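**Q** Show me how the following folds:
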Amino acid sequence: MKYEAEIITEWEQTNADNNRPTYAPLAMRLFQIDRWEDTTGTDAARLPSVPNALVIQCVVEKIELDKIRADPKHHCLWCRPISGTDAAAEQPDSTIPQAEEARLRAFLAGRGAHKADQTLAVGSRTAGRTRLDVTRRLKSWLRTLQKAP
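**A** Got it, this is the predicted structure:
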């Protein structure tokens, strides 16, 4: 079964094209992803190194989604089957549990985000907020960051 998902992944420099570095989501190298789109909306020249985080929306098979969920360099913000149903899927309109909020904060901390930044990214309390609300806030926060010198 195929899933649409929005995940946080690290980015990596892939090569230099005419003396300009190019970047790609780390998830593209580690997993079999059918297609993806950068939904953070940060220009590649401004990608911050701290935290090394990029939000992508992708289409993946269930087995690849399970691998992404198990990998500490990635965090699944939400997912839904493209066709059919899956009661265990983290639907975008479902409320994010506090335990997952803690995992998301730990994920950001592992990439160098300080506690105040984690609050800016995720909010002070996610109680009652949907996964999509948290995803939007996170992407908005990532767009405010400046590239480290």
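**Q** all strands of the chain, in order?
**A** Applying DSSP state E to the chain gives strands spanning 2-9, 11-17, 20-25, 33-38, 54-61, 75-81.
**Q** how much space between Ala70 and Leu30?
**A** Distance, Ala70 to Leu30, using Cβ to Cβ, to the nearest Å: 11 Å. (C-beta placed from N, C-alpha, C; glycine too.)
**Q** In PDB, could you pull the C-alpha coordinates for the longest helix belonging to the chain?
**A** When every helix of the chain is counted residue by residue (DSSP state H), the longest turns out to be helix 131-144. Coordinates of the C-alpha atoms in helix 131-144 are reproduced here as PDB (Å, rounded to 0.1, in the frame of the first residue of the first chain):
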ATOM      1  CA  ARG A 131      -0.600  17.000  13.200                       C
ATOM      2  CA  LEU A 132      -1.100  19.400  10.300                       C
ATOM      3  CA  ASP A 133      -1.200  22.400  12.700                       C
ATOM      4  CA  VAL A 134       2.200  21.300  14.200                       C
ATOM      5  CA  THR A 135       3.600  20.700  10.700                       C
ATOM      6  CA  ARG A 136       2.600  24.200   9.500                       C
ATOM      7  CA  ARG A 137       4.200  25.800  12.600                       C
ATOM      8  CA  LEU A 138       7.400  23.800  12.200                       C
ATOM      9  CA  LYS A 139       7.700  24.700   8.500                       C
ATOM     10  CA  SER A 140       7.000  28.400   9.300                       C
ATOM     11  CA  TRP A 141       9.800  28.300  12.000                       C
ATOM     12  CA  LEU A 142      12.300  26.600   9.600                       C
ATOM     13  CA  ARG A 143      11.700  29.400   7.000                       C
ATOM     14  CA  THR A 144      12.700  32.000   9.600                       C
END
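**Q** Determine which stretch of the strands of the chain is the most buried.
**A** When you average the neighbours per residue for each of those (mean count of other Cβ atoms under 10 Å), strand 2-9 leads with a mean of 23.
**Q** sorry, back to before: of Ala70 and Leu30, which one has the most company?
**A** More crowded of Ala70 and Leu30, by other Cβ atoms under 10 Å: Leu30, with 16 against 8.
**Q** what sits against that one?
**A** Taking Cβ atoms under 8 Å, 6 or more residues apart in numbering as the contact definition, Leu30 lies against 67, 71, 73.
**Q** between those residues, which is nearest Gly84?
**A** Lys67 (20.1 Å; Cβ to Cβ).
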